[in-house]
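K.L.:
dropping the sequence and predicted coords here.
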Amino acid sequence: EEVARVYGYNRFANTLPGFAGRVNELATARKDAIVRQTLLGLGWNEALSGTFCSATDAVTFAPQPDLAVPMGNPLNEEAGLLRPSLVPGMLTMIAHNLNRNVSDVQLFERGTAFSGSTERVEERPALSLGASGVVWSGPELSDHAFDFYDLKGAVEEILEKFALRSFYFDTFAADAGITPVWLHPGRSARAVADGLTVAWFGQLHPTQAQQRKLRQSVY
């Protein structure tokens, strides 16, 4: 661009580059559209967070330990690793709203989570939902505080859009060591579709809420 500026933009001919070929739709485009339309229809708002996180968040929210990818030249200590999960960014966005007197929040993000090592980085598509405050129930019902069952309903609505042979929800005892540490052990569950764990969801663990100074219940 600098060379073109010095050379003179007015000295370039007004011609468009030729194009031969076609644009192919991504294999997941239609499924992504279904997820997005479903959540928008349920009253959720789409949001976008950064792709970096701190070392503490990487340890806390990584689906598996020691898979977070460090940056060779990080922006700062709070953004030194590629995010292994969308949850840290979601919590930051929720806190941003609550700290600015937006007490009723329902956000979703479709993005990429990273794992592996600096030599080989693996990417996978991910979906994160985050909500707090009061949910609007419609003109014929009274509003109520967003709770576990509202979140469970949203997850169920998404899963029902796909041709699954089976899906179910289950829970685990607090001392089983299976539930992610960032979830409240007594107010969370797992979603299993066709034999694979596809989601963990529930109320944010009180310890995490306290560390992030979140005074409202967050799901």
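P.N.:
Now that the structure is in, tell me what you want to look at.

K.L.:
what ranges in the protein fall below the confidence cut-off?
P.N.:
137-141 (pLDDT under 70).

K.L.:
who's in contact with residue 84?
P.N.:
53, 58, 61-63, 67-69, 113-115 (Cβ atoms under 8 Å, 6 or more residues apart in numbering). Every C-beta, even on glycine, is put in place using the N, C-alpha and C of the backbone.

K.L.:
gap between the residue sitting furthest away from the middle of the chain and residue 193?
P.N.:
Distance from the centre of the chain peaks at residue 11, with 47.0 Å (Cα atoms, centre = their mean). Going from residue 11 to residue 193 by Cβ to Cβ, to the nearest Å gives 59 Å.

K.L.:
try residue 10
P.N.:
59 Å.

K.L.:
next: residue 182.
P.N.:
22 Å.

K.L.:
who's more crowded, the two?
P.N.:
Neighbours per residue (other Cβ atoms under 10 Å) separate residue 182 from residue 193, with residue 182 holding more: 20 against 15.

K.L.:
quick one: neighbours of the residue nearest to residue 78 when sequence neighbours are not counted, just the number.
P.N.:
Excluding the flanking residues, the one nearest residue 78 by Cβ to Cβ, 6 or more residues apart in numbering is residue 54, at 4.7 Å. Residues lying near residue 54 (other Cβ under 10 Å) number 17.

K.L.:
ok, now residue 42?
P.N.:
Residue 42, neighbours per other Cβ under 10 Å, totals 16.

K.L.:
go on, residue 106?
P.N.:
Residues near residue 106, counting by other Cβ under 10 Å: 24.

K.L.:
what residues are up against it?
P.N.:
By Cβ under 8 Å, 6+ apart, the neighbours of residue 106 are 43-45, 129-131, 135, 146.

K.L.:
also residue 162?
P.N.:
Residue 162 sits next to 31, 34, 193 when contact means Cβ under 8 Å, 6+ apart.

K.L.:
would you confirm that residue 190 contacts residue 171?
P.N.:
Yes: look at residue 190 against residue 171 with Cβ atoms under 8 Å: they come within range, at 7.4 Å.

K.L.:
neighbour count for these two, which is higher?
P.N.:
A direct count of neighbours by other Cβ under 10 Å for residue 190 and residue 171 places residue 190 higher, at 19 against 15.

K.L.:
so the more buried one versus residue 179, what's the distance?
P.N.:
Computed as Cβ to Cβ, the residue 190 to residue 179 distance reads 8 Å.

K.L.:
next: residue 64.
P.N.:
Taken as Cβ to Cβ, the span from residue 64 to residue 179 is 15 Å.

K.L.:
who has more neighbours, the two?
P.N.:
Taking other Cβ under 10 Å, residue 64 and residue 179 do not tie; residue 179 has more neighbours (20 against 8).

K.L.:
does the more buried one count as helix, strand or coil?
P.N.:
Three-state call for residue 179 (DSSP: H, G, I helix; E, B strand; the rest coil): coil.

K.L.:
so what's the backbone phi/psi at it?
P.N.:
Backbone torsions of residue 179, given as degrees, to the nearest 10, read phi -70, psi 140.

K.L.:
now do the contacts for it.
P.N.:
Counting by Cβ under 8 Å, 6+ apart, residue 179 has contacts 172, 185, 188, 190, 200.

K.L.:
what helix or strand is the last one on?
P.N.:
When secondary structure is defined using DSSP states H and E, the element that contains residue 200 is strand 196-204.
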